[in-house]
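J.: here is my input; please provide its structure:
(chains A and B)
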Amino acid sequence: MERKVRVRFAPSPTGALHIGGVRTALYNYLFARQHGGDMLLRIEDTDSTRFVPGAEEYIIEALQWLGIGIDEGIGVDTPLNTRGPYRQSERREIYHRYVRQLLDAGKAYIAFDTPEELEQKRKQTPNFQYDASTRNQMRNSLVMSKEEVEQYIQEGKQYVVRFKVEPDEDVHVHDLIRGEVVINSNILDDKVLYKSADDLPTYHLANIVDDHLMEISHVIRGEEWLPSAPLHVLLYRAFGWEDSMPQFAHLPLLLKPDGNGKLSKRDGDRLGFPVFPLEFHDQKTGSVSSGYRESGYYPEAVINFLALLGWHATGDQEIYSMEQLISDFSLDRVSKSGAKFDYEKGKWFNHQYLQLRDNKLVAEEFMPVLEAHGIARDIYPQATIEHIVGLMKERVNFVSELWEQCDFFFVAPTGYDEKSLKKRWKEDSPRHMQELLAMLEAQDDWSAEALDNLVMPWIASKEYGVGLVMNAFRICLVGAARGPHIWEITGVLGKEETLRRVRTALQRLSI
RNA sequence: GGUGCUAUCGUCUAGCGGUUAGGACAAAAGAUUCUCAAUCUUUAAACCGGGGUUCGAUUCCCCGUAGCACUACCA
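T.: Model prediction:
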């Protein structure tokens, strides 16, 4: 009875997609691809009060950017979309039907207790729980007459439908990552399945109904759902769907890098790194949250980084392409414990992918940075830009960091770094530079080799000291004691510009 | 408070009864060099505690401890 693998990512559109959610989506995707199954995207918007405009579009765009493909559901227009709608707020009639079914079977009941009343009750009774031990003291269809219930509803009184959990029963949940989890039904409360106020089900009901109707084979979700998994099992049972119930896998949580607790949006702001894939503009609050894409990350790096936060193969391999992940991933190698989010390692992954990347592409990505610094696109030949990024990329994690490493290629120094001057610009330096200038003026072959053959013997014969001369020269060209090998710099600058910078420096630095 | 899950270097992790407990990030030192980086080499760094089971436990079981999650008419 091999069942087709069908998994779903089912976020709620309450804001930007959290990085932990991204990882959940990724694991679902990897699992689906590996088994030749389907990956669905469903929007769980059953809480009308928390809906954030733009969130759905954000989710779709984020998954797209990361290369997490959707086969069915929201965001894709495909003939496979035969089990829709895939937005829960558009499935009201469906839920009505199943709520009715539970009500008729006596497995759920109508309750009129207001939120205020319940809050009051919780204050009065320590550890109050709406369950078999207390439901008879409440205002619900279990204790009221049929007529009374009818009348209440006629009057427009708001109500909820609660699941009638049978007491004292051990509920077994088989988790693909954690094994058998057993919970006694006594600790479960009579969960609200449907609220009349907005005519929508709660997560629990919608989730079970949709997973069943959409023929989901595996539910891969965050660990925060583990405590309610037994409730979900009970719901499948109540509907008579236990035979086709999906298998569960509860993923470990992503934790704060410092201290304790779940990684949250605030941590990003506090520690200065993104917790969202894309920059997000909250239309309600007007706040902007940074994203990995805008921070200069390659999607491959984010995927690789996230994949290894909670999953690891047997060996020492760390660099994984999406294709490799699809073939190597397995749920039984997902760790059970939460993973602290290590942003430094994330940067390292991007560094790796930057090194692997074709210089042509890196140069293309660097163009906007150059333009932002007033360097027009056509001033330098493409080949020169490629050469420069190829030279410098090994020292940075992001393309955006390239400018501060190689600005001197494009603009002559406007000033000279004081520290460098103090350490490297000595009394004899002006004289050395004068001599060097004279030699270079007469030099025609500007290749690194020729220059080296010209300058090194001269330094040696005069016993000036290589460090002293070369660093002074570097200060003239760069404005500071940094940058790649000096002949790389002269090579890019060319003879004219090199000489010009030395003359300028002599003017400015001779006292 | 209750229930559940979890527990190897600071961090992510490998290990699935016998290992000098491995790798990576971060850290430190050295090498290289005209500088700054990068790179390479090296170093430091861990089995939460206590009981069992076993010839032998990081590994299996139990208890404790700690961390986390859940405990809404949120997902």
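
J.: tell me the secondary structure for residue A:421?
T.: Three-state assignment for residue A:421 (DSSP: H, G, I helix; E, B strand; the rest coil): helix.

J.: count of neighbours near it?
T.: 18 (other C-beta atoms under 10 Å). C-beta: built from backbone N, CA, C; applies to glycine.

J.: name the nearest residue to it, ignoring sequence neighbours.
T.: In this structure, residue A:421 finds its nearest non-sequential neighbour in residue A:475, 6.7 Å apart by C-beta to C-beta, 6 or more residues apart in numbering.

J.: so which helix or strand takes in the one you found?
T.: helix A:466-478 (DSSP states H and E).

J.: can you pull the buried residues of the next helix or strand after that helix?
T.: Using DSSP H and E, the helix or strand that follows helix A:466-478 in sequence is helix A:486-509. Buried residues in helix A:486-509, counted by 16 or more other C-beta atoms under 10 Å: A:486-493, A:498-499, A:501-502, A:505-506, A:509.

J.: ok, now stretch A:461-478?
T.: Result for stretch A:461-478 [16+ other C-beta under 10 Å]: buried residues A:464, A:468-478.

J.: and RNA strand B, which of the residues you listed reach it?
T.: A:470-471, A:473-474 (C-beta under 7 Å from any atom of the strand).

J.: list just the nearest of these to RNA strand B.
T.: residue A:470 (3.3 Å; C-beta to the nearest atom of the strand).

J.: pretty sure that closest one sits against residue A:485.
T.: No: counting by C-beta atoms under 8 Å, residue A:470 does not reach residue A:485; the two are 9.7 Å apart.

J.: and what about the residue in the stretch 251-400 of chain A positioned nearest to RNA strand B, helix, strand or coil?
T.: Residue of the stretch 251-400 of chain A nearest RNA strand B, by C-beta to the nearest atom of the strand: residue A:260 (2.4 Å). Following three-state DSSP, the label given to residue A:260 is coil.

J.: just give me the neighbour total for it.
T.: 8.

J.: gap between it and residue A:227?
T.: Between residue A:260 and residue A:227 the computed distance is 19 Å (C-beta to C-beta, to the nearest Å).

J.: from the chain's centroid, how far away is the helix or strand of chain A with the lowest mean pLDDT?
T.: The helix or strand of chain A with the poorest confidence is helix A:265-271; it has a mean of 88 (mean pLDDT, DSSP states H and E). Between the centre of helix A:265-271 and the centre of its chain there are 14 Å (C-alpha atoms, centre = their mean, to the nearest Å).

J.: list the contacts of residue A:457.
T.: By C-beta atoms under 8 Å, 6 or more residues apart in numbering, the contact set of residue A:457 is empty.

J.: check what pLDDT the residue of the stretch 251-400 of chain A closest to RNA strand B gets.
T.: Listed pLDDT for residue A:260 reads 75.

J.: go on, the one 4 residues further on?
T.: Note on residue A:264: pLDDT of 90.

J.: would you list the phi and psi of it?
T.: Phi and psi for residue A:264, reported as degrees, to the nearest 10, are phi -130, psi 170.

J.: show me the contacts for it.
T.: Taking C-beta under 8 Å, 6+ apart, one finds A:256, A:275 in contact with residue A:264.

J.: please repeat the previous calculation with a cut-off of 10 Å.
T.: A:18, A:20, A:254, A:256, A:270, A:275 (C-beta atoms under 10 Å, 6 or more residues apart in numbering).

J.: what about the fifth one, neighbour count?
T.: What it means is residue A:270. Neighbour count of residue A:270, defined by other C-beta under 10 Å: 12.

J.: just the fourth one next, same as before
T.: Neighbour count of residue A:256, defined by other C-beta under 10 Å: 17.

J.: hang on, it packs against residue A:265?
T.: No: counting by C-beta atoms under 10 Å, residue A:265 is not a contact partner of residue A:256; they are 11.5 Å apart.

J.: any figure for the gap between residue A:286 and residue A:268?
T.: The gap separating residue A:286 from residue A:268 is 17 Å, by C-beta to C-beta.

J.: higher neighbour count, those two?
T.: residue A:268 (20 against 7).

J.: what's the closest non-adjacent residue to the more buried one?
T.: residue A:275 (3.7 Å).

J.: what's around the one you found, how many residues?
T.: 25.

J.: spit out the contact partners of it.
T.: A:16-20, A:22, A:254, A:263-269, A:289-292, A:341, A:343.
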